[in-house]
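Asker: Show me the folded form of this:
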Amino acid sequence: MSEQRLLMLIDDEPAQSRLISALAAREGWRTIVAEDSETAIAMLGTREGMQLAAIILDQWVPGDDACSLIEELKARRPALPILMLTTSASPLLAVEAMRAGATDYLIKPIAPDRLMEALRAATERHAPQDELQPLTEKMPAVLDFEAMIGTAPKFRTALAQAAKAARGHANALIEGENGTGKEMLLRAMHAASPRAKAPLRIINIGGVPTNSLESVLFGHEPNAFPGAFDRQIGALQHCDGGTLVLDEVDRINEDLQERLFDVIDSGIVRPIGAKHGFKVDVRLLCASNFPLRELAQANHFHAGLLEKLGQTTIQLPPLRERTGDIPALTRHFLTRIGEQPGLRHLAVSDNALALLAAYDWPGNVRQLQAVLFRAAVFCDNQTLTAQSFPQLCELLGEPQEVSNPIHEGVGVMLYTEDGNLRPLEEIEADVIRLAIGHYRGRMTEVARRLGIGRSTLYRKLSDLGIDNAA
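Answerer: Prediction:
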C-alpha cells in the first residue's frame, strides 16, 4: 500500500465522490475528500497533504472563485497537477482555468476512461509535463472533408476512400492510432452521405460501462432486469434509416459482438426483455484503435462481425508518417484556436515549426492540437516560437535558425539522395498532391492555381496514379 498514489478530491457531492474514488482505486489511487476550499488548503499542510500526487477540483465547490482556488493551490504546491471538473463546455473557462494553473479540464459527466487517462498523463514521470497533456479541446468539430488537412500520399488515399465510401450505404471501418482523427473523418463521411439528414448517434464504446452497453445498443423493456423501470430505445432502433457511429468498436465484449453480428445479419433488433424484434435499416460507421483483422486472427474479435463492419476498411496513418503536414496542420489549428473566446490569432515561427516537426507525436494530431492550444494560452507575443514549447525544447533541444525558411516546408524534394534531380513526373505528382492538400481537395481551385483546366488536372491524376478526395 505504500506505493499507492494519493489523490485529493475537492467535492461536496457524496455520490460523485464515491464514484471518482472507486474509479481511481482501480488504478491504484487512494482518495481523500475535501468538501470545501478551506478544508482543501488546510489539508495541504498535513502529512497526507505532503504526499499528494494530484488534485481533482469540482468547479461547483468554489463556484466563480474556482480559478482563484487553483491559483492558491498552485502557489502552495507548484508541481502538483490539478484537474478541474465542470459541467461547462465554455472555451473561455478552459482558458482561464489553464492560465490559473490547471493541468486539464474535464467535462461532466466524465467517462471513466477519460478520467483515468487524465490522471495518468498528469502524473506520468517519464513524459514531459504541460505541453504534452492530452487536453480536451473545446472547439467545435468541422464536419466536412475540407477540414482534413494533409498532403501525405497515405493520408490522401484514406480521404479518397472515405469520400467514395461516404456516397454509398455500406458499412465502413476506419483503423488508426488514437488521436489520428478517426471520429472526425466518420463525422465527415456521415455529413457527405445520402443519410446526412437522417438520425445519427455516436457512441464511444470505451466511455460506456460494460454492464450498460447492451441496453445502450439494443434497448430494453420495463422490468427486463433489476433497475429497468422504463422502456429504453436502443441506438440501433433509434438510428433506423440513419447512421450509427461506434468509436473504439474493438472494445465491445465477445457476447455483444455475437449479438451485434446477428442484428446486422438479420436486420432485426430485439431489445432486452422484448418478446419480438424490430426491423431496422442502419448504416454502421466504426473506428478502431487496433487492426481488427489481427484481433480476429487471434480470436479476440468476431470474424463475421469484422466482415460486416469492414465492407470498406480505411487506414489513417499516424502523424509521424506525415510530418510534412505539420506546418499546414499547425497554421490550421492556430486559426481555429484564435477564434475561441479569450484567445487571439497567432503566427508561428520557422524555428517552432522545425521543433514541432522533429517530435514523433505519440498522441498524433489530437496531441498536436493540445500542444498548440496550451502554447497559445500562455503566449504573450504575436508569434509562437520554439521557446513557446519548453518541454519539447527540453526533449529535443532548441532547433538552429532556419537558414532558408521559404524552401524548408515546401514539401517537394527536387533531388535524390545521390544528388541528382528527380524525374519530372515525380516532382509534378508531388506538386499536385501538395496543391490538393493546400486547397483542401477543392479541385476547381487546385486547377486554377496550377494554371490548368479541370479536365487536364483529372487526366494528370489518372496518368500519375494520384488518388483524390473530390
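
Asker: tell me the contacts of the nearest residue to residue 112 once chain neighbours are set aside?
Answerer: Leaving out its chain neighbours, the residue that sits closest to residue 112 by C-beta to C-beta, 6 or more residues apart in numbering is residue 23, at 5.2 Å. To be clear about C-beta, it is placed using only N, CA and C from the backbone, and glycine gets the same treatment. Shown in contact with residue 23 (C-beta atoms under 8 Å, 6 or more residues apart in numbering): 112, 115-116.

Asker: mind giving me the domain ranges of the protein?
Answerer: The record's domain parsing of the chain by automatic domain parsing lists 5-123, 153-315.

Asker: quick one: average confidence on the first one?
Answerer: I take that to be domain 5-123. On average, the pLDDT along domain 5-123 is 86.

Asker: and if you look at the longest one?
Answerer: Across domain 153-315, the average pLDDT comes to 91.

Asker: hang on, the residue nearest to residue 112 in a helix?
Answerer: Yes: the assignment for residue 23 (DSSP: H, G, I helix; E, B strand; the rest coil) places it in a helix.

Asker: measure it to residue 460 for me?
Answerer: Computed as C-beta to C-beta, to the nearest Å, the residue 23 to residue 460 distance reads 55 Å.

Asker: Show me where the stretch 251-400 of the chain has its strands.
Answerer: 268-269, 278-279, 283-288, 312-315, 347-348, 383-384 (DSSP state E, counting those that start in this stretch).

Asker: Show me what the fourth one is packed up against.
Answerer: Packed against strand 312-315, as judged by 3 or more C-beta pairs under 8 Å, 6 or more residues apart in numbering; DSSP states H and E, are the following elements: helix 153-166, strand 172-175.

Asker: mind listing what's buried in that strand?
Answerer: Residues 312-314 are the ones in strand 312-315 that count as buried (16 or more other C-beta atoms under 10 Å).

Asker: coming back round to it: closest one of the contacts of residue 23 to residue 68?
Answerer: Among the contacts of residue 23, residue 115 lies closest to residue 68 (C-beta to C-beta), at 24.2 Å.

Asker: mind checking the SS state of the closest one?
Answerer: Using three-state DSSP, the structure places residue 115 in helix.

Asker: Tell me how far the most centrally placed residue in the chain lies from residue 287.
Answerer: In the chain, the residue lying closest to the centroid (C-alpha atoms, centre = their mean) is residue 179, at 4.4 Å. Taking C-beta to C-beta as the measure, residue 179 falls 12 Å from residue 287.

Asker: what's the answer for residue 257, then?
Answerer: Counting by C-beta to C-beta, the separation of residue 257 from residue 287 is 16 Å.

Asker: where along the stretch 251-400 of the chain do the helices fall?
Answerer: Using DSSP state H, counting those that start in this stretch, the helices of the stretch 251-400 of the chain run over 254-266, 292-297, 303-309, 326-338, 350-358, 364-378, 390-396.

Asker: Please identify the most buried of those.
Answerer: helix 364-378 (a mean of 22; mean count of other C-beta atoms under 10 Å).

Asker: Quick one: distance of that one to the chain centre.
Answerer: A distance of 12 Å separates the centroid of the chain from that of helix 364-378, by C-alpha atoms, centre = their mean, to the nearest Å.

Asker: for stretch 15-27, same thing?
Answerer: Relative to the centre of its chain, stretch 15-27 is centred 24 Å away, using C-alpha atoms, centre = their mean.

Asker: can you pull the buried residues of it?
Answerer: Judged by neighbour count (16+ other C-beta under 10 Å), stretch 15-27 contains these buried residues: 16-17, 19-21, 23-24.

Asker: Check stretch 429-447 too.
Answerer: The neighbour-count check on stretch 429-447 (16+ other C-beta under 10 Å) flags 429-430, 432-443, 446-447 as buried.

Asker: rewinding a little: ranking the contacts of residue 23 by neighbours, who comes first?
Answerer: Counting neighbours by other C-beta atoms under 10 Å, residue 115 comes out on top of these with 20 neighbours.

Asker: Would you check that that residue makes contact with residue 104?
Answerer: No: at 9.9 Å, residue 115 does not count as touching residue 104 under the criterion of C-beta atoms under 8 Å.

Asker: does residue 57 count as helix, strand or coil?
Answerer: strand.

Asker: if I pick residue 355, what's in contact with it?
Answerer: Residue 355 makes contacts with 386, 389, 392-393, 396, 398-399, as judged by C-beta under 8 Å, 6+ apart.

Asker: per-residue pLDDT, the nearest residue to it once chain neighbours are set aside?
Answerer: Excluding its sequence neighbours, the residue lying closest to residue 355 (C-beta to C-beta, 6+ apart) is residue 386, at 4.7 Å. With respect to pLDDT, residue 386 has a value of 91.

Asker: So residue 386 sits against residue 351, correct?
Answerer: Yes: shown here, residue 386 and residue 351 form a contact pair, counting by C-beta under 8 Å, at 4.4 Å.

Asker: Which of the helices and strands packed on strand 312-315 sits closest to residue 49?
Answerer: It's strand 172-175; of these, that one is closest to residue 49 (C-beta to C-beta) at 45.2 Å.

Asker: Excluding sequence neighbours, find me the nearest residue to residue 186.
Answerer: Distances taken as C-beta to C-beta, 6+ apart place residue 285 nearest to residue 186, at 4.7 Å, with adjacent residues excluded.

Asker: same deal with residue 108?
Answerer: residue 87 (4.9 Å).

Asker: Could you double-check that the one you found lies in contact with residue 110?
Answerer: No: here residue 87 does not reach residue 110: they are 10.3 Å apart, not a contact under C-beta under 8 Å.

Asker: can you tell me which residues contact residue 337?
Answerer: Residues in contact with residue 337 (C-beta under 8 Å, 6+ apart) are 139, 343, 346, 372-373, 376.

Asker: again, but for residue 50
Answerer: By C-beta under 8 Å, 6+ apart, the contact list for residue 50 reads residue 44.

Asker: what does residue 271 give?
Answerer: 218-221, 224, 231-234, 237.

Asker: In ChimeraX, how would I select the buried members of the residues you listed?
Answerer: Burial among the contacts of residue 271 is assessed by 16+ other C-beta under 10 Å; the matching ChimeraX selection reads:
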select :218,219,220,221,224,232,234,237
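
Asker: out of the contacts of residue 271, who's nearest residue 455?
Answerer: Using C-beta to C-beta, residue 237 comes nearest to residue 455 of the contacts of residue 271, at 46.7 Å.

Asker: Just the element for that closest one, please.
Answerer: Assigned by DSSP states H and E, residue 237 falls within helix 235-238.

Asker: Residue 30 now?
Answerer: strand 29-34.

Asker: buried sites along the very next helix or strand once past that strand?
Answerer: Downstream of strand 29-34, the next assigned helix or strand under DSSP H and E is helix 37-44. For helix 37-44, a neighbour-count test (16+ other C-beta under 10 Å) marks 37, 40-41, 43-44 as buried.

Asker: give me every residue that touches the residue nearest to residue 29 when sequence neighbours are not counted.
Answerer: The shortest distance from residue 29 to any non-neighbouring residue, by C-beta to C-beta, 6+ apart, is to residue 7 (4.7 Å). For residue 7, the contact set (C-beta under 8 Å, 6+ apart) comprises 24, 29-32, 52-56, 119.
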